[in-house]
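Q: give me a model of this one.
(4 chains)
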Number of protein chains: 2
Amino acid sequence: MENKLPTIKEIAKRLNVSVSTVSRALSNHPSIGLRTRTRVQELAKELNYEPNTKAIFFKQQKTFIIGVILPYIKEEFFSEAISGIETAAMAHDYTILFGQSFDDTEREKKVLEAMKKQRVDGLIISLSKYTNNFDHLATLEKYDIPVVYFDRVPPFENAHKVYCNLYKGTIEMVNWLFSRGFKRIGFINGPDKLLATHERLKGYIEGITKKKLKVDMRLVEQTDLSRESTYKAMEKLLALKQPPEVIITFNDYVHLDVMQYARQHNLKINEDIFFASYANLPITSYTAFPPIASIEQYPYKQGEKAMEILIRIINDKLQHANVAGKYYHEEIDGLVMINKDFELNQDSIKN
Amino acid sequence: MENKLPTIKEIAKRLNVSVSTVSRALSNHPSIGLRTRTRVQELAKELNYEPNTKAIFFKQQKTFIIGVILPYIKEEFFSEAISGIETAAMAHDYTILFGQSFDDTEREKKVLEAMKKQRVDGLIISLSKYTNNFDHLATLEKYDIPVVYFDRVPPFENAHKVYCNLYKGTIEMVNWLFSRGFKRIGFINGPDKLLATHERLKGYIEGITKKKLKVDMRLVEQTDLSRESTYKAMEKLLALKQPPEVIITFNDYVHLDVMQYARQHNLKINEDIFFASYANLPITSYTAFPPIASIEQYPYKQGEKAMEILIRIINDKLQHANVAGKYYHEEIDGLVMINKDFELNQDSIKN
DNA sequence: TTGTAAGCGTTATCAC
DNA sequence: GTGATAACGCTTACAA
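A: Residues are numbered from 1 along each chain as shown, chains lettered A, B, ... in the order given. From the prediction side, this is the model:
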């Protein structure tokens, strides 16, 4: 049976009171008499009344919906992140409108349009890899829809951002590798377009320079993150007269590809050559040879933080707080996580 | 600058016409004169007017939002599925409201509440593993919110469902294993609560029975899908006087755990023992020893199909088509996907 | 303590 | 051809 959702009007009619009385009774307005209040609330419960939030939001010009746009939810980093976003959102009664860009700027625009149409209260975006024109994002500012970027953040300052500091993390990683006796540290970095690529490189160079050593750029290769491109980078590194003793890869997915390469070329991993990486994703723990160290980027925390900042912005806006020109830049420090098995092995060798 | 979104009213005022004229002009109503129409449309474009869908939906009692509730987006199966859902939704101008149950019935209820509050036009749900009380879902029917379940579907008939037929798939798998010379086929099945567990078992038994062989239930163990439980199942199977030559695991995640176990116990995989699985997830291709065969369950296609069915239901409802008591049950056949490397090896042995 | 009425942005139904 | 108005469900001044 089509059981139409009851409205405030319906209740009012049945009880022979006005809609405003019902409205106030339901929201426990102090001016409503106890008798009327209980009568209304009882009937409401009986009819399973639920306020039509759409009508409320429409009136309040608020949807309690946050749009989230990610490149690929398939990547564990992002599925972790959205869980943090979701949990924080739920704690503040927001719901998540979800869309993927699939690293395609056109798709990103389309999703953005859809979310604008839905009048989201705000957006959390991790940009597509190839987005280098930011006009579609500028319109958001124009219409006063707050956006918090995370992880893949835009290069300009005038934006709210949450991201992981990979510069510091990379320095730490290089330090740790030196402390473990590695001298020739190879690096398969990501594509030039990504900010993250430059951060990592800066950290790598700084880490080595700090040790009063000279940076050998032949040890640094790049991949566009495709398997083929990664294989090529590996080939080049291994073809060097003095190949690296350890290779840091751009992220855990590159690491996985590199492991495939190593297996196919019968390299003895953790004997002939060692690998370190970024991201510290759970999947790597299933593989035969996880990275000896991986920089944890805390995706869940990043997502949570982004959501919290967004809610703060929205609330500031609602209270007409004067926050023009104030941008949140939240930096989370990437932490070098060391593979336990590797650590144990090393220790037993030392003793 | 706070650039408020322009409304139809705003345009009307500026052009000294009525709102209804503007409304009609924008929707190309035939009764509007060409001059007025162009004037309106030009100003609309100039002001970047975008209809407030919230107001329209509010009036039409429609949101163009579909709620999607999944157990864990982290699982590749579900992140594939939601991509199918999203793509199909986009093609019909729907947007996705997203929530995870984290296999927790209470959380599932909460998410469901939030989506009901948002007045979604429909829902796509893959149930939490532990959901065995369906009252919270019954209220949806009562309020006439259509639901399509997929993959983890409820056990009753009166529901729209999309799922993969694992009964047939399992029979096929058993057949293929026999054809490859395997006689003792072990099975690590999932928890009893899951429908999928029973389907797989039925297929396993049928597959063996069809070969006029007797089913040896000592070869069938169960796991609650935790790593510990899977390890125990492995122990039991390997402790048998006649241990299995090949083991089918409940899904690729169980497979990954089993591989860890095998590695820790120095089993020679694809020599001493072989493994087959369900799901055919991309991650397994990164591992040293992917399953020799895995039943593809087409998560993307399942998601797409679920969305398409849901839209059909919504449209039927809108046209007041009399579809009471009619339920869609879409079955996709699981297909045995054979690992290429294994196939090549086998062939070279044969020759 | 309760009721009346305006308003949120849009569309549809009347009029003119 | 165009305009006025009601309606969608709800909140909230303002009246009573």
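
Q: give me phi/psi at residue A:89?
A: The phi and psi values for residue A:89, taken as degrees, to the nearest 10, are phi -60, psi -50.

Q: ok, it to residue A:115 distance?
A: Remark: distance between residue A:89 and residue A:115 (C-beta to C-beta, to the nearest Å) = 14 Å. Every residue, glycine included, has its C-beta placed from N, CA and C.

Q: likewise residue A:71?
A: 16 Å.

Q: same deal with residue A:331?
A: 27 Å.

Q: with residue A:194 instead?
A: 24 Å.

Q: comparing those two, which residue is more hemmed in?
A: Neighbours were counted for residue A:194 and for residue A:115 using other C-beta atoms under 10 Å in any protein chain shown; residue A:115 has more, 24 against 17.

Q: can you check what pLDDT the model gives that one?
A: On the pLDDT scale, residue A:115 is placed at 94.

Q: kindly report the same for residue A:2.
A: Predicted confidence (pLDDT) for residue A:2: 45.

Q: just the closest residue of the stretch 201-350 of chain A to DNA strand C, please.
A: Closest to DNA strand C within the stretch 201-350 of chain A is residue A:318: 15.4 Å, counting by C-beta to the nearest atom of the strand.

Q: let me know the outermost residue of chain A.
A: Here the centre of chain A is the reference, and by C-alpha atoms, centre = their mean the most remote residue is residue A:16, at 52.2 Å.

Q: report pLDDT for that residue.
A: 92.

Q: contacting residues for it?
A: For residue A:16, no residue meets the contact criterion (C-beta atoms under 8 Å, 6 or more residues apart in numbering or on different chains).

Q: gap between it and DNA strand D?
A: Plainly put, residue A:16 is 16 Å away from DNA strand D if you go by C-beta to the nearest atom of the strand, to the nearest Å.

Q: contact partners for the spatially closest residue to residue A:7 that is not a sequence neighbour?
A: Ranked by C-beta to C-beta, 6 or more residues apart in numbering or on different chains and with sequence neighbours excluded, the top spatial neighbour of residue A:7 is residue A:52, at 6.9 Å. Listed by C-beta under 8 Å, 6+ apart, the contact set of residue A:52 reads A:5, A:7, B:119.

Q: the first one and DNA strand C, how far apart?
A: This means residue A:5. Taken as C-beta to the nearest atom of the strand, the span from residue A:5 to DNA strand C is 18 Å.

Q: quick one: the nearest residue to that residue once chain neighbours are set aside from DNA strand D, how far?
A: Sequence neighbours aside, residue B:143 is the residue nearest to residue A:5 in space, at 5.8 Å (criterion: C-beta to C-beta, 6+ apart). According to C-beta to the nearest atom of the strand, residue B:143 stands 13 Å off from DNA strand D.

Q: now residue A:38
A: Taking C-beta to the nearest atom of the strand, one finds residue A:38 at 17 Å from DNA strand D.

Q: and after the strand or helix carrying residue A:237, which helix or strand comes next?
A: Secondary structure assigned from DSSP states H and E places residue A:237 in helix A:227-239. If you walk from helix A:227-239 toward the C-terminus, the next helix or strand you reach (DSSP H and E) is strand A:246-249.

Q: quick check: can you name the pairing partners of that next one and their directions?
A: Its sheet considered, strand A:246-249 pairs with strand A:185-189 (parallel), strand A:274-279 (parallel) by DSSP bridges.

Q: so what's the residue count around the residue of the stretch 201-350 of chain A closest to DNA strand C?
A: 11.

Q: got the phi/psi numbers for it?
A: phi -60, psi -40.

Q: which SS class is the residue of chain A at minimum distance from chain B?
A: Chain B sits closest to residue A:98 of chain A, with a gap of 3.7 Å, by C-beta to the nearest C-beta. Following DSSP: H, G, I helix; E, B strand; the rest coil, residue A:98 is assigned to strand.

Q: over to residue A:289?
A: Per three-state DSSP, the local secondary structure of residue A:289 is coil.
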